[in-house]
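>>> Provide a 3D model corresponding to the input given below.
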Amino acid sequence: MPPLPPSPAGARVLVLGGGGREHALAWRLAADPEVASVLVAPGNGGTDGEPKVRNLALDPADPLTVASWARRERPNLVVVGPEIPLLTGVADALRDAGVPVLGPNRAAALLEGSKRHAKAFLERHGIPTADARSYERSEDLERDLDTLTYPLVLKASGLAAGKGVAIVGSSEEAHSALAALARLPGAREGILAEAFLRGEELSYFVLAHGTRYLTLPAARDHKRLDDGDRGPNTGGMGAYSPPPLTKELDSRIRETIVRPTLEGLVAEGTPYTGVLYFGLMIDARGQPYVLEYNCRFGDPEAQVVLPRLGGSAFALFHAAAQGEIPPRLDVRNEALVGVVIAAPRYPEAGDDGSPLEGLEEAGAEALVFHAGTRRVGGRVLTSGGRLLCVCGRGKDLAEARRRAYTAVGRLRLPPGARLRRDIARDV
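Residues are numbered from 1 along each chain as shown. Sure thing, here's the model as predicted:
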């Protein structure tokens, strides 16, 4: 293997996005000694106060604006956090400008941007996934609901911030859920009716360039709003790493899912560069199935995965952006448990202007990554749906979980703030 591209000293990095994932990315990159500064566009109240990090008033989803800024400022690396900039072609524009960027081009990012496209890709390449019917219009699905087999999973095909999925147990539930899904912008390009798979979910990440890849630490997230996996799906209410993952299962995921996915993308003329996230279901026989693809780190998974990366995250990402995948990865032998704090009416609505206090006290016990926050003077105020992700670290999940919830107890939150009390409890 050729030597990796040298990492420039005094490097400047731009992270695109403003959520908890982007705070974790900025925090991890700023920890590398060769990184002089990290800019986050637009950032949040946490990135605004992080050492070596500052916010930048730049629209992350505007390819022309981002590329123009990059041509002028010449950052050493751009890391695209969320999915929308990828689907507007920001990575394409940055590559055209000659700027190293970690993130796939727009064509490859359609694996996340369209669930109908992803399902067709999976079926073309014989990759294990749930059986599904694809509908261009919700009205067409409406006519079939009384004839389908339940339980069933309904999915808006387009982006829905993690909220475009409904698990229904009967045709009556399906009619109600479909009416709600049809109002989402992500349903404009169609809806999937997918067979319900039973098992354990797994978030599996690789850093890829073409058919070469490196596995990153895996995680498991908790999508449902309430304890016991009840309530509506959300963008994620917590996560932990490492999850149960045997060598046998890891090998099966690589051979039946990762390899054919990357080879399929190359064969179809859309080779992948960046972090590819496989949302998997592992059934009782140990067979993995693809539930979804995400073309970036997950949120809140990034908050429990990135702290486990040893060595230089900048060197790792900088090399991958230039097409060089290291032969191995240094992973810290520790566990993390992340607990999301959300607004009182989340996921229906966010909160704006309520004070968040006790952050320093919580930060003495755990990592506190901000999402929907803003800083006004010396105060941190709410500004969104998911507000914080409090991540405990420990020698094992039990210790990490204890530290996470101890830190949560030190926060002074808006009345009615939502959180789950069972993250990683049953591991």
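>>> I'd like to know how many residues surround E201.
Other residues near E201 come to 17 when the count uses other Cβ atoms under 10 Å. Backbone N, C-alpha and C define where each C-beta goes, glycine included.
>>> helix, strand or coil for it?
The assignment at E201 comes out as strand when based on DSSP: H, G, I helix; E, B strand; the rest coil.
>>> same thing with L388?
strand.
>>> kindly report the same for the one 5 residues further on.
When the structure is split into helix, strand and coil by three-state DSSP, R393 lands in strand.
>>> what bridges to it?
Counting by DSSP bridges, R393 forms beta bridges with L336.
>>> which ones are touching it?
R393 makes contact with 307, 334-336, 366-367, 400, 403 under the criterion Cβ atoms under 8 Å, 6 or more residues apart in numbering.
>>> what about 6 Å?
334, 336, 400 (Cβ atoms under 6 Å, 6 or more residues apart in numbering).
>>> gap between the residue lying closest to the last one once chain neighbours are set aside and A166?
Spelled out, it's A400. Across the structure, with Cβ to Cβ, 6 or more residues apart in numbering as the measure, the residue nearest A400 apart from its sequence neighbours is G394 (3.7 Å). Distance from G394 to A166, counting by Cβ to Cβ, to the nearest Å: 35 Å.
>>> what's the answer for V266, then?
Note on V266: its distance to A166, by Cβ to Cβ, is 34 Å.
>>> neighbour count: these two, which is higher?
Per other Cβ under 10 Å, whichever of V266 and A166 has more neighbours is A166, with 19 against 13.
>>> on the three-state scheme, the more buried one is what?
The three-state label given to A166 by three-state DSSP is strand.
>>> so it is in contact with V153, correct?
No. A166 is not in contact with V153 according to Cβ atoms under 6 Å; the separation is 7.3 Å.
>>> closest to N44 among the contacts of R393?
Closest to N44 out of the contacts of R393 is L336 (20.2 Å), distances taken as Cβ to Cβ.
>>> give me every residue that touches the closest one.
L336 makes contacts with 241, 304, 307, 391, 393, 400, as judged by Cβ under 6 Å, 6+ apart.
>>> one more time with 7 Å, if that's ok
Going by Cβ atoms under 7 Å, 6 or more residues apart in numbering, L336 touches 240-241, 304, 307-308, 391-393, 400.
>>> go on, K115?
By Cβ under 7 Å, 6+ apart, K115 lies in contact with 155, 157, 192, 292.
>>> put the alpha carbons of the helix or strand where the first one lies into CSV.
Spelled out, it's K155. In this structure, K155 sits in strand 152-156 according to DSSP states H and E. Coordinates of each C-alpha in strand 152-156 appear next as CSV, following Å, rounded to 0.1, in the frame of the first residue of the first chain:
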residue,chain,number,x,y,z
LEU,A,152,-45.8,-3.6,8.4
VAL,A,153,-43.3,-0.7,8.1
LEU,A,154,-44.3,2.4,6.2
LYS,A,155,-41.4,4.7,5.0
ALA,A,156,-41.5,8.0,3.3
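>>> elements contacting that strand?
Under the contact definition 3 or more Cβ pairs under 7 Å, 6 or more residues apart in numbering; DSSP states H and E, strand 152-156 sits against strand 165-168, helix 171-181, strand 191-195.
>>> average pLDDT for that strand?
Over the span of strand 152-156, the pLDDT mean works out to 92.
>>> quick one, it and strand 191-195 angle?
Using axes from the mean of the first three to the mean of the last three Cα atoms, to 10 degrees, the interaxial angle of strand 152-156 with respect to strand 191-195 works out to 160 degrees.
>>> how about the longest helix along the chain: buried residues?
In the chain, assigned by DSSP state H, the helix with the most residues is helix 397-409. By neighbour count with 16 or more other Cβ atoms under 10 Å, helix 397-409 contains the buried residues 397, 400-401, 403-405, 407-408.
>>> just stretch 236-256 next, same as before
By neighbour count, and taking 16+ other Cβ under 10 Å as the criterion, the buried residues in stretch 236-256 are 236-243, 245, 249, 252-253, 256.
>>> stretch 215-222 now?
Counting neighbours by 16+ other Cβ under 10 Å, stretch 215-222 gives 215-222 as buried.
>>> so which of those are in strands?
Secondary structure from DSSP state E places 215, 220-221 of the buried residues of stretch 215-222 in strands.
>>> low pLDDT regions in the protein?
The chain contains residues with pLDDT under 70 at 1-7, 162.
>>> could you list the domains of it?
Structurally, the chain divides into domains by automatic domain parsing as follows: 11-105, 131-195, 198-321, 335-409.
>>> ok, which of those domains comes nearest A120?
Distances from A120 to each of those were compared using Cβ to Cβ; the minimum, 7.6 Å, belongs to domain 131-195.
>>> list of residues touching the longest helix of the chain?
Residues outside helix 397-409 that contact it (Cβ under 7 Å, 6+ apart) are 240, 335-339, 362, 365-366, 390-394, 419, 423-424, 427.
>>> quick one: the helices in the stretch 151-300 of the chain?
With DSSP state H, counting those that start in this stretch as the definition, the stretch 151-300 of the chain shows helices at residue ranges 171-181, 247-253, 259-267.
>>> closest to D96 out of those?
Counting by Cβ to Cβ, and looking across all of the helices of the stretch 151-300 of the chain, nearest comes helix 259-267 at 20.2 Å.
>>> show me the strands in the stretch 301-427 of the chain, by range?
In the stretch 301-427 of the chain, strands defined by DSSP state E, counting those that start in this stretch lie at 335-342, 351-355, 367-370, 373-376, 379-384, 386-394, listed in chain order.
>>> want to throw those strands into CSV with distance to T47?
Below are these laid out as CSV (distance: least, Cβ to Cβ, whole Å):
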stretch, distance to T47
strand 335-342, 17
strand 351-355, 18
strand 367-370, 7
strand 373-376, 9
strand 379-384, 12
strand 386-394, 13
